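no sequence on this one, just coordinates:
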């Protein structure tokens, strides 16, 4: 009980920390804390495999990617340069709408409380599939993944492959650099070609 | 040790909206991407909680899928950031307004 | 025997196809092929006399379009008579044409058209049903279009051809209405089927059907107010005028009414209508005949007038008399036209009677032929027209129409006047061909070309001779047919001697049924008295013509008189009672202005404009919504958030409401 | 075999890019040969059996089902014939590519007229727009794409409506493989659905035909397309909409079809007179023919919506007839334009003297167009008008007679304006039609005469269809006009729902007050088979509850 609230506080605090930091490196640290706390929360929900995955993939792989990119972009250039803020007054309406939506969501959830979690005690990591007592174990998850849910699993492979190709295309050397015009000034709005010409009356 | 599932869902909602606020308010694309990751994780938390309620591991499979998508999204998103940085030298989502009508 | 019937029908067509296919190689041979096929068809028709006059006639089925639309051929006394005239008189005219068209470059085309015309006319009269008749009706109109526009580089001929065709289509449309009205009412399109179901037709519907059929007759037979094409149709070569616009095609309306006699018998208002229109046409044609100078136009108006007699006869219910007038008219009018052709040929395409005169010494044969024709047409006692016209006119009394009788008798007098006027002007007095136009009061041709799209005429085109060089055809080629026709113009009427017991009446038997006639006791005076009266009127007409044009004194003063008459011709005659102008103002020009309005305004600006406005509206909306498309990711994110919030609110609220 | 008829021309058209660009004559004669082969195969196989392959099972059954019978048989014959004739006289720049477009068009339209499945029909409907669109873009005489886009947008909007209607029909009926089915075996469609589905179909068909006032794309398209393509488009593509009305809506949706009849009659009559009057004053000969098409197609609309077997037989005859003479007219006008570099009546004249064969060809075609008795146009007209009159539409039949007179005026204006009168001075000396060109025109002329003399077999092709459709229509409409029928049926449905609701409530257990206990867990019942359809009408349900409580 108290574990949940502890983790909840950590989660919220780290999330707020993440989005409020000026430097992305601090944000990454906040996010790391957030992910670890979330992994712990997964364990409390009997999602053992997912808890491990959360640590390995999110905290390990994805956050490292962020760190790499931060290092790549800021090396020798100094801090990130920001352009002019084109939407200086967006913060107030954005926060207001967020709060309203959040309020409605909480209101909706509160209408129908789910009640306490059903009792559940896993006995072993490798039980019989379909046995409610092994729910959430690695074995349960693995059998489901390779039998009933095989197609989604294969789709994930496809998604990752597409993503790899996409990354190579976008960030790789396949893009001819000079044509993107490093120093080409951006046209102002008025100078740009309209995409849809207004028909002659 | 019996926590009401509603609390998990509420926690997920809080995290989600923190992510939303981050996406809208921040201009650094890296932090925007991180905020998106927050939103993913909020959704994951809700899914895991529901799976636990219904004792149905389809929710777990779904989280697995979301993790994959998040990884792919992060990779592509960061690649875009790199490509944009090469072009504009500024790292600011407001600079990327080529879809202006 | 039915194979023979098919042969009669298709022989002229085979001739036309052969001439068309072999074309220019044939040259004058085309004429011989054409004449031979038509005359052979004449012989084959004669062979079938027995079968045709037997009960029911000779019949042959052809094709079935859909169940109920069965087309076939039928040879009964009525179609036998018409077939004989078409192939017989037509064959004579074809022989004559070989001489007339001797040197024309397009002689093969001419004979292909002529044979096609004979085929079309046979289709019309041999058909055993209304649709086949309509097919023939249309094909005849087409042949007439081809032949009127034979010299297709003359704008006037082109326009005349178009006018004839369009007016004929008006007639076709009338008959089409009759087809579907009759099909609905009787479930059949064959004559036998229609007549057997005649009782299914009630008064109003019957009158409408008869009226629709009569629209066809009026267009084809040049009845008021659809007569305007006939005078213009004289643009064709003269044999064409003889064959089509005198002897055969224009009498198709008479055939149609005679064919549908059972319907007319049952509909008194239709009889009244047709009789009145026929009488008006007869009178109008005769009046206009007075004021013409072109010899072919005089004959054209006389044709119109004589067909008015026929229509009056068959329309009022005196079928035998009306058809008899067709029979005699075929000979004398063909003879008159062919004789006129002889004159025109001799005078190198001069058609204006003002530039003729004194030809009786130069062309005695033509004079006697013309005299025979003239005496026949005016109904001079003893000549063929006497018998037929008299029968028609007296039938008016028998059927209780004294007013029509008066008109018929008056028209006979006028006919006598203008025919003799033509005869005197042409054959008597001095020859005026060498005089200047102005001296005779001849004004430049003022017939306007109304179609603005027709290119302007080059002066060179007008002066180019239509028939380039006259060769030397043997004289008998043209004279023999004229002689035969003149002979028949004299004797053809004798078949009707004896009234209702004559061979003529017996020939038709009960084909026409009986139109109710007025009892003999109520007729004001007897037939012989009527004959005397009409003959007296004719004599008055001749005398007036003689005094004005034929007496020695008048012959001496002819040039002055002609000039005075030419210049003083009332405008109403020059414009033929303004029928052309009325049709132009009431139909043609409104249609064209509406069409222009549609093409220039409604289509591009209203309809298309409406669609373009929709497209423009979409574009304008796009311009407005473009402003929302800032390109800034964060604003899009905010928009998505607002949408999400709305969804959340909706589901939260309905969740709480439940 | 039938599949091969569709696929072979399309594949051949695509493969023509392998041929060198310079092989123009080869491309042309290859196209002619292919179209001729299609014609011969179709002509020899009037009773080919249907072929079918499964396409979709969900959300509704759709098959690649093709068949060669009934009205489609004659139209496919017409299509192959007109394509062969048009290709034979083709002489355009970039000929190889043009022939490729023509072949793709041939294949796509064959597919349309042999499709026995609505979804397949919709597929070919859109496919046949593509070659025409590309041709309009690439061979536009004015180098402007405006006409092409106008054509595409108009017809795609129609195509979208068709696709939506097809999808809705499939969902409601469960299958779209219905064009060969016996209509009385199909499940009846609720009138509300039928109305909207019909609206979609009708919109597409009206645009494609085109019927006034949706026709404004047509004169421009016809004027801009090269002559061989416009011959095929006018001959066959414009019949797609009418074919759809006959084969699709009149059989599948007789109720709304009858309801729409008065409106369609008005549109058809307006098109008849409007097209004729507009044709009367055009200067461009091609546009005269285009507007005359508008007029003639209006006549066919009258025939279809008179629901009379004779008129429908006449409509089929007239569809084929119009295809024959309009294809021929556009071919001849193309020849004139190629010789004289213009087709404006005001600048032409007297061509007949030097081109007698051309004049002869144009004469026969023009006469067929104006409905000369004995040629095919007349056969169609008289059957249509007889049928329309017989069906009781007296005044429409009478009004429809007027354009026949106007047709004579405007066709003679074209014929005489081009061929007769004195020769225009600056007309260059050009050759008459070559024997080859005459050979290309001859089949059309022969068909015009044959069809005019004996339209029986063509007219009979609609008989099976009409008997089935009219029987069904009679059962369904019961002499009510369609919209009234739809409203009535909707009321009936609500009344039935009320009765069912009361029966359903009566079967439920009662509480102490005698009120039925309506189960609240509706999510469980709504998806299930036993769902009482009365639940779709909450107001009816409430009224029933109130009534039971009393």
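Thanks, I have it. None of the values given here were measured: they were computed from a predicted structure. Numbers count the residues shown, from 1 in each chain, chains lettered A, B, ... in the order given.

hey, let's count contacts and neighbours off CA atoms from now on
Fine.

what's the burial count for the closest residue to residue D:95 other than its chain neighbours?
Sequence neighbours aside, residue D:24 is the residue nearest to residue D:95 in space, at 5.5 Å (criterion: CA to CA, 6 or more residues apart in numbering or on different chains). Neighbours of residue D:24 under the rule other CA atoms under 10 Å in any protein chain shown: 20.

check residue A:153 too.
For residue A:153, the count of nearby residues is 18 (other CA under 10 Å).

and the helix or strand that it is a member of, what other elements does it pack with?
Using DSSP states H and E, residue A:153 sits within helix A:150-171. Here helix A:150-171 touches helix A:138-146, helix B:58-88, going by 3 or more CA pairs under 8 Å, 6 or more residues apart in numbering or on different chains; DSSP states H and E.

buried sites along that helix?
For helix A:150-171, a neighbour-count test (16 or more other CA atoms under 10 Å in any protein chain shown) marks A:152-153, A:156, A:159-160, A:163, A:166-167, A:170-171 as buried.

contacts for it?
Helix A:150-171 is contacted from outside by A:144-146, A:174-175, B:65, B:68-69, B:72-73, B:75-76, B:79-80, B:82-83, using CA atoms under 8 Å, 6 or more residues apart in numbering or on different chains.

got the buried residues for the lengthiest helix in chain D?
Counting residues, the longest helix found in chain D (DSSP state H) is helix D:309-340. Neighbour-count burial for helix D:309-340, counted by 16+ other CA under 10 Å, picks out D:309-337, D:339-340.

closest to residue D:53 among the buried residues of helix A:150-171?
residue A:152 (30.0 Å; CA to CA).

how about the strands in chain D?
Using DSSP state E, the strands found in chain D span residues D:51-56, D:62-66.

right, and residue C:554 touches residue C:547 too?
Yes: contact criterion CA atoms under 8 Å: residue C:554 and residue C:547 qualify, at 6.9 Å.

in the chain, where is pLDDT below threshold?
Let's take chain A. Along chain A, the model assigns pLDDT under 70 to residues A:1, A:75-81, A:120-134, A:173-201.

right idea, wrong chain: chain C
C:1-2, C:443-472, C:514-524, C:657-658.

domains in it, by residue range?
Each domain of chain C is listed here as a residue range: C:267-443+C:474-574, C:584-657, per automatic domain parsing.

can I get those domains in CSV with mean neighbour count?
Formatted as CSV, those follow (neighbours: other CA atoms under 10 Å in any protein chain shown):
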stretch, mean neighbour count
domain C:267-443+C:474-574, 21
domain C:584-657, 16
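
I'd like those as CSV, with distance to chain B appended.
Listed next are these as CSV, based on distance: least, CA to the nearest CA, whole Å:
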stretch, distance to chain B
domain C:267-443+C:474-574, 74
domain C:584-657, 4
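
need those domains in CSV with distance to residue B:91, can you?
What follows is these, written out as CSV (distance: least, CA to CA, whole Å):
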stretch, distance to residue B:91
domain C:267-443+C:474-574, 96
domain C:584-657, 14
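
dump the residue contacts of residue C:325.
Contact analysis of residue C:325 by CA under 8 Å, 6+ apart lists C:309-310, C:385, C:388-389, C:392.

kindly tell me how buried residue 146 is, as a neighbour count.
No chain in the question, so chain A it is. Residue A:146 has 13 neighbouring residues, counting by other CA under 10 Å.

not quite, I wanted chain D
For residue D:146, the neighbour count with other CA under 10 Å is 15.

can you pull the pLDDT of it?
Residue D:146 is assigned a predicted lDDT (pLDDT) of 85.

where do the helices sit along chain A?
Along chain A, counting by DSSP H, helices occupy A:2-20, A:24-44, A:48-53, A:63-74, A:91-111, A:138-146, A:150-171.

on that earlier part again, who wins for proximity to residue D:288 among the domains of chain C?
So among these, domain C:584-657 is nearest, using CA to CA, at 10.7 Å.

how far does the closest one sit from its chain's centre?
Taking CA atoms, centre = their mean, to the nearest Å, the mean C-alpha location of domain C:584-657 is offset from the chain mean by 57 Å.

now stretch D:394-410
For stretch D:394-410, the distance to the chain centre is 23 Å (CA atoms, centre = their mean).

first vs last residue of that stretch, how far apart are they?
Start and end residues of stretch D:394-410 are separated by 26 Å (CA to CA, to the nearest Å).

who are the contact partners of residue 67?
Since you didn't name a chain, this refers to chain A. Contacts for residue A:67 (CA under 8 Å, 6+ apart) come out as A:25, A:28.

chain D, not that one
Contacts of residue D:67 were listed using CA under 8 Å, 6+ apart, and they are D:2, D:48-51, D:114-116.

tabulate these (TSV), appending neighbour count.
Converted to TSV, those look like this (neighbours: other CA under 10 Å):
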residue	neighbour count
D:2	23
D:48	13
D:49	13
D:50	17
D:51	16
D:114	27
D:115	29
D:116	27
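
for stretch C:198-213, buried residues please.
Residues C:198, C:201, C:206-213 are the ones in stretch C:198-213 that count as buried (16+ other CA under 10 Å).
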